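Visitor: Sequence first, then the predicted structure, then my questions.
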Amino acid sequence: MWVEPGTLMEKMIPADLVDPYLTSQRWVITGFAYRAADAARARPPLDSLDPQEVWVLRWRSLDMQTYLSVTRIDGDPYQPAPAELFIEPGPIPVGTEMYRITPAGEEFVGRNDGQTWLRPAAGG
């Protein structure tokens with residue numbers, strides 16, 4: 001499936017992959033992703049009584065990335081599912097950002113500059 005270059009994309013990542021990304025042990029992005037406009041509908045609901053967190057990567061799609069369309073059968077057939085796409089393995093695009101989302105809001109974690117993850121200074 002063709003995704004317009006520059007489209008803001010989002011991919012949820014499991015908590016156990018956060019450190020491998022941030023310590024440069026993982027340099028590949030692959031798996032299910034969404035256009036950012038559809039991603040919020042695809043995330044599990046965060047209930048303030050159940051302190052969950054979701055980790056996401058956001059990046060601008062590149063010409064060289066390949067996305068495959070996925071058809072989902074679960075859920076209400078009268079409510080279209082968000083456009084779930086599968087991104088084939090490739091390097092993390094420069095400028096990719098990581099966020100931690102909790103019931104309290106969204107926290108910026110870092111930005112990839114192509115060599116490392118740049119993190120905000122402590123306390124700011």
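Guide: In hand now; what should we look at? Numbering: from 1, shown residues only.
Visitor: which outside residues touch stretch 23-39?
Guide: With contacts defined as C-beta atoms under 8 Å, 6 or more residues apart in numbering, stretch 23-39 is touched by 3, 7-12, 17, 19-20, 42, 56-59, 67, 70, 82-93, 96, 115-117. C-beta: built from backbone N, CA, C; applies to glycine.
Visitor: Identify the bridge partners of residue 91.
Guide: Beta-bridge pairing for residue 91 (DSSP bridges): residue 28.
Visitor: show me the contacts for it.
Guide: Taking C-beta under 8 Å, 6+ apart, we find residue 91 in contact with 27-29.
Visitor: still on that earlier bit, and the contacts of stretch 23-39, which are buried?
Guide: For the contacts of stretch 23-39, a neighbour count by 16 or more other C-beta atoms under 10 Å gives the buried set as 3, 9-12, 42, 56-59, 67, 83-85, 87, 92-93, 96, 117.
Visitor: Distance check, residue 99 against residue 5.
Guide: For residue 99, the distance to residue 5 (C-beta to C-beta, to the nearest Å) stands at 22 Å.
Visitor: Tell me which of the two has more neighbours.
Guide: Just comparing residue 99 and residue 5: by other C-beta atoms under 10 Å the higher neighbour count belongs to residue 99, 16 against 11.
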